[in-house]
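Q: I'd like to go over a predicted model; first the sequence, then the structure.
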Amino acid sequence: MRVLGHVTVLVNPLAGRGRARRVAGRAIAEMRRCGVDVQVVVTGSAEHGTQAAAAAVAAARDAVVVCGGDGAIAAVLPVLAGGTVPLGVLAGGSGNDFARALGLPVRDPVAAARVVARGVAGRVDLGRIGERWFGTVVAAGFDARVNERMNAMTWPRGRLRYHAALIAELAAFRPLPFSIEVDGQRLDGDAMLVAVANTGSYGGGMRICPDARVDDALLDVTVVTSISRVKLVRLFPSVYSGRHVRRPEVLTLRGRCVRLSAPGVIAYADGERVGPLPATVTAVPGSLAVLGAGGAGG
Ligand SMILES: Nc1ncnc2c1ncn2[C@@H]1O[C@H](COP(=O)(O)OP(=O)(O)OP(=O)(O)O)[C@@H](O)[C@H]1O
């Protein structure tokens, strides 16, 4: 087996509420056992992650490996996008939707370490929202509001906080007047949410755009049109299977360039706050080299 020479592992200690630290311990030991020279940087912020990735590329390391979740991966995309230094992923976040979409191991740190050590990279698409790169999904509307509300809460912890934010937002939410343009085709109307996806899921397996593929050079768009709260609650469980897209109140679109506008609506990408709409989202085919990519679709 050919083994990768020198890699830098960036550990996000916040990811997965501490899970990344445990994953890092096991995965790094396995990489070293395989003969990889591993330099470890525990990063204190997303900015620190970006800087450490830039330093690794400048130092001609063979790969930048992120031990964290989708947010920590997003932090290194400005450095790695468009280049040849591959990203390695040791899934240590709560959701790990990017790793899932690439078919990388998300529950087995030793298996993830072996994928990195093998050193075989494939290229996948990324998206851009404005000037910012993303790997998974841009969310705007109800789901982004839940995210926004959850980030402002300090209690309860974990999954419960998500559900508490969801219920609170549901009580307050009104449909939003969106304008959506996909490759020049415009659609105006009230909607609960719009998601623009490079890969199929967000939030740890919620398959909001279930047919999105990371290597098709296209973005998938899911629009949940204006529906009652009761219908929205009923729709929610089907997002886990992706069956919601079969319902008449859900529209799906596909294209290379998506323009979104809706007054006062905040966009999120890779679970991180981007800012208020309007925004232009584009697909950038083959822009990221990833170790072990090419195993799965999503
Ligand atoms: N390299 C980094 N080092 C430290 N903190 C980071 C880094 N990258 C991002 N962060 C911050 O840590 C938070 C959590 O990061 P991350 O997304 O990696 O884990 P997660 O939220 O548990 O996983 P997921 O996004 O897959 O659900 C981010 O919202 C961001 O504020």
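A: Alright, I've got the coordinates. Values in this document were obtained by computation on a predicted structure and should not be read as measured data. Numbers count the residues shown, from 1 in each chain.

Q: What residues does this protein have near the ligand?
A: 10, 12, 14-16, 43-46, 48-49, 68-72, 75, 93-96, 204, 271-272 (CB under 6 Å from any ligand atom). Using the backbone N, CA and C atoms, a C-beta is placed for each residue, glycine as well.

Q: Go through these and flag which are in strands.
A: Assignment to strands by DSSP state E places the following of the residues of the chain next to the ligand there: 10, 68, 272.

Q: any weak-confidence spans in the stretch 1-150 of the chain?
A: Residues of the stretch 1-150 of the chain that meet the criterion pLDDT under 70 lie in 1-2.

Q: just the strands in it please.
A: Taking DSSP state E, counting those that start in this stretch, the strands of the stretch 1-150 of the chain run over residues 6-11, 37-42, 63-68, 87-91, 121-129, 132-134, 137-141.

Q: Can you check which of the ones you listed gets nearest to residue 184?
A: Residue 184 sits nearest to strand 121-129 of all those, at 17.9 Å, using CB to CB.

Q: thinking again about what came up before, and the strands of the stretch 1-150 of the chain as a markdown table, adding mean neighbour count?
A: Putting the strands of the stretch 1-150 of the chain into a markdown table (neighbours: other CB atoms under 10 Å) gives the following:
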| stretch | mean neighbour count |
| --- | --- |
| strand 6-11 | 24 |
| strand 37-42 | 16 |
| strand 63-68 | 30 |
| strand 87-91 | 29 |
| strand 121-129 | 21 |
| strand 132-134 | 24 |
| strand 137-141 | 28 |
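
Q: And those strands: which comes nearest residue 53?
A: strand 63-68 (4.9 Å).

Q: what helices or strands is the closest one leaning on?
A: Strand 63-68 makes packing contacts with strand 6-11, helix 19-33, helix 46-58, helix 70-80, strand 87-91 when contacts are defined by 3 or more CB pairs under 8 Å, 6 or more residues apart in numbering; DSSP states H and E.

Q: Of those, flag the one that's most buried.
A: strand 87-91 (a mean of 29; mean count of other CB atoms under 10 Å).

Q: Spatially, what comes nearest to the residue of the stretch 1-150 of the chain found nearest the ligand if we skip its sequence neighbours?
A: Closest approach between the stretch 1-150 of the chain and the ligand, counting by CB to the nearest ligand atom: residue 69, at 2.0 Å. Excluding the flanking residues, the one nearest residue 69 by CB to CB, 6 or more residues apart in numbering is residue 93, at 1.7 Å.

Q: Check residue 156 too.
A: Residue 156's closest residue in space is residue 164 (CB to CB, 6+ apart), at 6.0 Å.

Q: And the pLDDT for the one you found?
A: Model confidence at residue 164, given as pLDDT, is 92.

Q: Following element in sequence after the helix or strand harbouring it, please.
A: Here residue 164, judged by DSSP states H and E, is contained in helix 158-172. Where DSSP H and E defines the elements, the next helix or strand beyond helix 158-172 is strand 176-182.

Q: Tell me what angle that next one forms with strand 137-141.
A: 150 degrees (axes from the mean of the first three to the mean of the last three CA atoms, to 10 degrees).

Q: and strand 176-182, what does it pack onto?
A: Secondary elements touching strand 176-182 (3+ CB pairs under 8 Å, 6+ apart): strand 137-141, strand 185-197, strand 219-225, strand 250-255, strand 257-261.

Q: most packed of those strands?
A: Ranked by mean neighbour count under mean count of other CB under 10 Å, the helices and strands packed on strand 176-182 are led by strand 137-141, which reaches a mean of 28.

Q: ok, and what's touching that strand?
A: Contacts of strand 137-141 with the rest of the structure, by CB atoms under 8 Å, 6 or more residues apart in numbering, involve 97, 127, 129, 147, 176, 178, 191-199, 201-202, 208-209, 224, 260, 262, 265-270, 274, 277, 279, 281.
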